[in-house]
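Chemist: Fold the following, please.
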Amino acid sequence: MTLGILAPAQSLLAASLEIGLVIDGSGSVSSSDFALQRDAYVNIFSNDFVGNFLTGDVDTVYISFWQFASSVQEEVTWTTIQTNADAIAFANAIASVTQLGGGTNTAGAINTVANSILTNAFDGDSEVIDLSSDGIPNDQAAAVTAASNAFSNDIVTNTLFVGTGTTGQSNLAAIAAAGGGTPFVANSFAEYEEALTEKLDLEFNPGPTTPEPASILGLLTLGSLGLTLKSKKKV
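Modeler: Numbers count the residues shown, from 1 in each chain. Sure thing, here's the model as predicted:
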């Protein structure tokens, strides 16, 4: 009988994900496109979110919802999703979000959400900023620096660019690269929900990783002692 000693580390312990969802409410987004963007989240979290997304090792999600334009606004504060009822309550809160309008302060959005992740009451096993935008940041260099700084604190930044412009797409790809994340593209807001679904699936089900032998031994030892791992402490 095989003991499965080389099983992925994530399968040995249930995992939690801490994620800030960040949408673009700047003036370059029309009101109808903003509605498509917002409602994509409502649809996803309203329709068997647990069955569709929490199918791997992640069983607990600590989540918040943000909008940025010239300023950055927390629209739905940090909450926990473990059931479809939790997800529906989160979706209902998102449904009432209205557009800010203004510039595209991408750096401010990343810095603000990263700080919130580091200082909130939750402590996820992994931490992610999920940022969508159709425009070019007010300050691209500052946005890249913000993502890099977040990554230095173990916060990954994934991006979703909406549109066909090569400059905007390249800018968001550079932000994702600096943030240790993955860039996604939707050619239009009509295709936004499909691309968002793909991105969220990656974030909630990142796939197994094979740990180093020492890590395996440590996990097995903790398991035999009835102990649980805890992620890094909040600052």
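
Chemist: Wait, G135 touches S26, no?
Modeler: Yes. With the criterion set as C-beta atoms under 8 Å, G135 and S26 qualify as a contacting pair; they are 5.8 Å apart. Backbone N, C-alpha and C define where each C-beta goes, glycine included.

Chemist: In space, what's closest to S133 - neighbours in sequence excluded?
Modeler: Nearest non-adjacent residue to S133, counting by C-beta to C-beta, 6 or more residues apart in numbering: D24, 4.1 Å away.

Chemist: Next, count neighbours for I110.
Modeler: Using other C-beta atoms under 10 Å, I110 has 32 other residues around it.

Chemist: Contact partners for the residue nearest to it when sequence neighbours are not counted?
Modeler: If the residues on either side of it in the chain are set aside, I110 comes closest to A146, at 3.8 Å by C-beta to C-beta, 6+ apart. Each residue near A146 by C-beta atoms under 8 Å, 6 or more residues apart in numbering is listed here: 106-108, 110-111, 114.

Chemist: which one among those residues gets closest to R38?
Modeler: When the contacts of A146 are compared for distance to R38, the smallest value, 18.3 Å, is given by T106; criterion: C-beta to C-beta.

Chemist: tell me the secondary structure for the closest residue to the closest one other than its chain neighbours?
Modeler: The spatial neighbour of T106 that comes closest, neighbours along the chain excluded (C-beta to C-beta, 6+ apart), is P137 at 3.7 Å. On the three-state scheme (DSSP: H, G, I helix; E, B strand; the rest coil), P137 is labelled coil.

Chemist: And P137, how far from A147?
Modeler: Distance check for P137 against A147: by C-beta to C-beta, to the nearest Å, it reads 11 Å.
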